[in-house]
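Peer 1: any chance you can model this:
(one chain, ligands or ions: 1)
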Amino acid sequence: MKGNSIMKKAKKIVTMILVITMLAGLAACSSKTESKTENPETEKMSDTMKKIKKSGKIVVGTEASFPPLEFHKEIDGKDTITGFDIFVAEEIAKDLGVELEIKDMSFDGLLAALVAGNVDFVAAGMAATEERRQSVDFSIRYYDTLQTILARDDNKDEFPADSDMKGKLIGVQKGSTQSEIMSRMYPKAKTVEIAKNADIILQLQSGKIDGALLDDPIAQLYAIANPGLTATELTFKNDPEYDVGSSIAVSKEAPDVLESIDKTLQRIMDDGTYDKLLEKADSMLDADMIDMLVDE
Ligand code: ARG
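Peer 2: Below you'll find the model as predicted:
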C-alpha cells in the first residue's frame, strides 16, 4: 500500500518547490559575482555533499529486519541486505554518480548516527514525526502503510477491529512510532519496548507479550514466516494528524543532499521505477528470507 493520493499531493508540492527553487536560482545567478578562488559549484556544497563526491560513495543507515523495506537475504551464498528502501537508496546513489554503502544498526541509534555524520542518510521505513524533525530533515513521503496487531493463532480473537486492548501487553520496536501510537490511541494497553523485531516475535511466541504493533506489510510477512502467528483484524490508519508514512532522513546541515534525494524520489515516482522496485522487493521475499526471519 503506498497512499496514492498522498503521493499525488506530495508530487504537486514538490513540483511547486522545484519551480520556486529554479526561479530563485535564476535570480541568484544574474546578481552574483563569480568567485575567483574555488570552483563555485564546490564552494556552495554542504560538507556532507563534498565528502560524498570526494569519496565516491554515499552511506545509508538502516535497520534491516523490516521486510519488504529492508531485510537480510542470502544471495549467491552471501548474506546481503536488500529490500525496497535499499533499491531506492541505490537510485539515490546512482543520481549522485557514487557507490552506495549500507550500514545496518539498531533502529533507535539511526538518527544519532546521522547527526554524528556516521551515515549520510537514513532509509528505514521511518516516519517524519515532529519530534524527529527537531533533529533532522526529511524527504518527501515515499511509502505509506496501515498499522496492524500481530498475535498468536490462540489469542487472535482477543483483538477484534474495535478492541481497546485493555490490559494487553503489546510489543513495539524501541524508538519506533508504534510506541507513540500505542500510548496515544490505546492508553489502556501496556506497551513493551523491544529493540529487535526478531525478539518481539520470540516474546510473542513464548507468550511473554500478547501482541505486537507493526506496520502492516511487516505484520503480514511475519505471520507468513511464523506458523502460529496471525495478523489480526485490528488494523487501522494512524490518526490523520500523525499519519506520516515513510520518508528519508538527512542532516539539517545538508540541504543539497536532501534536494538531490527529493529529486530522485520524484523521478522514480514519475517514471514508473517506483512500482518496479516495489515488485522487485516483493519478489525477493522467498523461502530463504522467511527462514532468516524465523531463526535470526
Ligand atoms: N515506521 C516506524 C517508525 O518510523 C517503524 C520503522 C521501523 N523500521 C525499521 N527498519 N526497523 O518509527
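Peer 1: what residues does the protein have near the ligand?
Peer 2: Residues of the chain lying close to the ligand by CB under 6 Å from any ligand atom are 62-63, 65-66, 70, 107, 124-127, 173, 176-177, 215. Using the backbone N, CA and C atoms, a C-beta is placed for each residue, glycine as well.
Peer 1: and the closest residue to Leu278 other than its chain neighbours, what does it touch?
Peer 2: Using CB to CB, 6 or more residues apart in numbering and skipping residues adjacent in sequence, the residue nearest Leu278 is Phe84, 5.8 Å away. Applying CB atoms under 8 Å, 6 or more residues apart in numbering, one finds that Phe84 lies in contact with Pro68, Leu69, Glu70, Tyr143, Leu277, Leu278, Ala281.
Peer 1: hang on, the last one is in a strand, isn't it?
Peer 2: No: Ala281 is assigned helix when assessed by DSSP: H, G, I helix; E, B strand; the rest coil, not a strand.
Peer 1: what's the separation between the closest residue in space to it that isn't next to it in sequence and the ligand?
Peer 2: Excluding the flanking residues, the one nearest Ala281 by CB to CB, 6+ apart is Phe84, at 3.9 Å. Per CB to the nearest ligand atom, to the nearest Å, Phe84 is found 11 Å from the ligand.
Peer 1: in CSV, list the residues of the chain next to the ligand along with secondary structure and neighbour count.
Peer 2: Formatted as CSV, the residues of the chain next to the ligand follow (DSSP: H, G, I helix; E, B strand; the rest coil; neighbours: other CB atoms under 10 Å):
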residue, secondary structure, neighbour count
Thr62, strand, 27
Glu63, coil, 25
Ser65, strand, 22
Phe66, strand, 24
Glu70, strand, 25
Phe107, helix, 22
Ala124, strand, 22
Gly125, strand, 27
Met126, strand, 29
Ala127, coil, 24
Gln173, strand, 26
Ser176, coil, 24
Thr177, helix, 23
Asp215, strand, 25
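Peer 1: now distance to Gly245 and pLDDT too, for those residues, in TSV please.
Peer 2: Shown next, in TSV, are the residues of the chain next to the ligand (distance: CB to CB, whole Å; pLDDT from 0 to 100):
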residue	distance to Gly245	pLDDT
Thr62	17	98
Glu63	17	96
Ser65	19	91
Phe66	14	92
Glu70	16	95
Phe107	16	96
Ala124	13	98
Gly125	9	96
Met126	10	96
Ala127	6	93
Gln173	17	95
Ser176	14	92
Thr177	10	92
Asp215	10	92
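Peer 1: so which of these comes closest to Lys44?
Peer 2: Met126 (28.0 Å; CB to CB).
Peer 1: what is the closest one paired to in the beta sheet?
Peer 2: Note on Met126: beta-bridge partners by DSSP bridges are Ser247.
Peer 1: surely it and Ala249 touch.
Peer 2: Yes: taking contacts as CB atoms under 8 Å, Met126 lies within contact range of Ala249: 5.9 Å.
Peer 1: now for these two: what residues contact both?
Peer 2: Leu110, Arg132.
Peer 1: Leu213: what secondary structure?
Peer 2: strand.
Peer 1: neighbours of it, how many?
Peer 2: Using other CB atoms under 10 Å, Leu213 has 27 neighbouring residues.
Peer 1: next one: the host helix or strand of Asp262 to chain centre, how far?
Peer 2: Assigned by DSSP states H and E, Asp262 belongs to helix 255-270. From the chain centre to the centre of helix 255-270 is a distance of 15 Å (CA atoms, centre = their mean, to the nearest Å).
Peer 1: many thanks, we can stop here.
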